[in-house]
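Undergrad: my questions concern the predicted model and sequence given below.
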Amino acid sequence: MRKNGVVFMKKFLDVILSLALVAGLGFGGYYIVSNGVVIDQTTTYYDPSSQPMTEEVTEPENQSNILFENEEVPNTEVNNGHLVLVNSNFACTSEEANLVSLYVKRLEADSHSFGVRDESLLVHEIMADALIRMFDDYSTSTQQENVTVVSGFRTAEDQQRLYDEDLEETGLDYSERVAPAGFSEHQTGWCVDFDIDGDEEEFDGTGVQSWFLENCYKYGMILRYPEDKTEITGIQYEPWHFRYVGFPHATVISNEGWSLEEYIDFLKGYPYDGNHLQITDYDGKIYEIFYYPMDTEFESTLVPIPIGLDYEICGNNIDGFIVTVDTGKFDDSEPVPTDDEIAGDADPEQPENWEEHPEFEEVPEEDIPEGEEQEGDAPEENPPEEENNEG
């Protein structure tokens, strides 16, 4: 009886251990920790028979605790989105989708703050909305309404015609001002050109026009061809050419003084299976960004996307996708003042540690002898009128 009891107990323990092992494997099959986040493995894959379920990755330095699952994205989408890089090395092959008439959108918004060439000027709808907000704010800030959007989306035929016209005008074998068909950002629908009403002046980004260069990032736009980046972009300085790249990318590019070429290359340093880029935008919203390479072995790529959070997947028009996650969090801390702001607020007659210098202590009014005033407190006999710089 003792021997039978031992055998029974051994079998019972084996059953318990087997059940525990199956349960553990079953749970482990649903979630694994990758990149410091939990990844859902129950997603249907493009080719389960030949494509690995997941790859082992090292744990990153920052852990976002965002849950991710996979979304199957056609590889053709690498050529679409507001972060596509189009230049002399990377041709435009994006699809003409979601383009709207900026002229009509402006009428629908009842905006009178800027002009549009005609009804045929097309851009992506999200850019049209951003342009309307930007021009309305520009008008409110500067009391100006003299800027017109003169160019937006162009077909390959339109671009080639402009290229040929420039060659005829200059007599050169190649154009230094117009990109050939297939290599112009205008074929993406993500950029526009500005001009000033009338023929007396051009949009040069100076004076009151500098408002656009200083504030366009707040509307998801950048100056695409800066004056100090011509060797990188291959295009001469164009203060009138603005490109929509979305949030928070416009803030990063603007703050760092980068070209789009530099930014796209920079993002490759933040792959999904490594350290993600965490950005606090100008309005305090916190984003997480990472790069995911296109799977060239299949027609689609399984791109990790966050569960329960807003996100965007943009192709870079080269070799992969950029995923931007709105974490839903805000940075409520006070913005750090710039050196210029600190210098502007400082009293030039007082050192930084003026509290430690008795000679700079304020004297209470009751301690000032009658008829005397503190140095610097004497009013001017005829103070100058304040200058009005608006305009």
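TA: Received it, and whenever you're ready, just let me know what you need.
Undergrad: break down the stretch 151-300 of the chain into its strands, ranges please.
TA: Assigned by DSSP state E, counting those that start in this stretch, the strands in the stretch 151-300 of the chain fall at 191-196, 221-223, 241-244, 277-280, 285-293, 300-306.
Undergrad: which of the residues in the longest strand along the chain are buried?
TA: Criterion DSSP state E: the longest strand present in the chain is strand 320-330. If you call a residue buried by 16 or more other CB atoms under 10 Å, then strand 320-330 has these buried ones: 320, 321, 322, 323, 324, 325, 326, 327. From N, CA and C alone the C-beta is placed, and that goes for glycine too.
Undergrad: tilt between that strand and strand 300-306?
TA: 10 degrees (axes from the mean of the first three to the mean of the last three CA atoms, to 10 degrees).
Undergrad: could I have strand 320-330 exported to PDB, CA atoms only?
TA: Extracted in PDB, the C-alpha atoms of strand 320-330 (Å, rounded to 0.1, in the frame of the first residue of the first chain):
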ATOM      1  CA  GLY A 320      11.100  52.100 -43.600                       C
ATOM      2  CA  PHE A 321       8.400  53.600 -41.400                       C
ATOM      3  CA  ILE A 322       8.300  56.200 -38.700                       C
ATOM      4  CA  VAL A 323       5.700  55.600 -35.900                       C
ATOM      5  CA  THR A 324       4.600  58.600 -33.800                       C
ATOM      6  CA  VAL A 325       2.700  57.800 -30.700                       C
ATOM      7  CA  ASP A 326       0.700  60.400 -28.800                       C
ATOM      8  CA  THR A 327       1.200  59.200 -25.200                       C
ATOM      9  CA  GLY A 328      -1.800  61.100 -23.900                       C
ATOM     10  CA  LYS A 329       0.500  62.700 -21.400                       C
ATOM     11  CA  PHE A 330       1.400  66.400 -20.800                       C
END
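Undergrad: so it versus strand 285-293, what angle?
TA: Using the same axes, to 10 degrees: strand 320-330 against strand 285-293 is 160 degrees.
Undergrad: so what strands line up beside strand 320-330?
TA: Looking at strand 320-330 with DSSP bridges, its partner strands are strand 285-293 (antiparallel), strand 310-315 (antiparallel).
Undergrad: what residues does that strand touch?
TA: 64, 66, 73, 77-78, 81, 83, 246-249, 264, 267-268, 272, 284-294, 301, 303-306, 309-316 (CB atoms under 8 Å, 6 or more residues apart in numbering).
Undergrad: only whichever of those are buried, select them in ChimeraX.
TA: A single ChimeraX command is used to select the members of the contacts of strand 320-330 judged buried by 16+ other CB under 10 Å:
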select :64,66,73,77,78,81,83,246,247,248,249,264,267,272,285,286,287,288,289,290,291,292,293,294,301,303,304,305,306,311,312,313,314,315,316
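Undergrad: any idea how far residue 165 is from residue 127?
TA: 26 Å (CB to CB, to the nearest Å).
Undergrad: what's the neighbour count on residue 175?
TA: 16 (other CB atoms under 10 Å).
Undergrad: next: residue 128.
TA: Residues near residue 128, counting by other CB under 10 Å, number 29.
Undergrad: quick check: the gap between residue 186 and residue 100.
TA: Distance, residue 186 to residue 100, using CB to CB: 16 Å.
Undergrad: of these two, give the one with the bigger neighbour count.
TA: residue 186 (23 against 20).
Undergrad: and the pLDDT for that one?
TA: pLDDT, residue 186: 97.
Undergrad: how about the nearest residue to it, chain neighbours excluded?
TA: In this structure, residue 186 finds its nearest non-sequential neighbour in residue 154, 4.0 Å apart by CB to CB, 6 or more residues apart in numbering.
Undergrad: list the residues that contact that neighbour.
TA: Contacts of residue 154 (CB under 8 Å, 6+ apart): 162, 184, 186, 187.
Undergrad: got a markdown table for the strands paired with strand 320-330, with distance to residue 333 and mean pLDDT too?
TA: Below are the strands paired with strand 320-330 laid out as a markdown table (distance: least, CB to CB, whole Å; pLDDT from 0 to 100):
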| stretch | distance to residue 333 | mean pLDDT |
| --- | --- | --- |
| strand 285-293 | 11 | 98 |
| strand 310-315 | 23 | 98 |
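Undergrad: which one, of those strands, ends up nearest to residue 236?
TA: strand 310-315 (26.8 Å; CB to CB).
Undergrad: pretty sure residue 195 is touching residue 150, no?
TA: Yes: between residue 195 and residue 150 there is a contact at 4.6 Å, judged by CB atoms under 8 Å.
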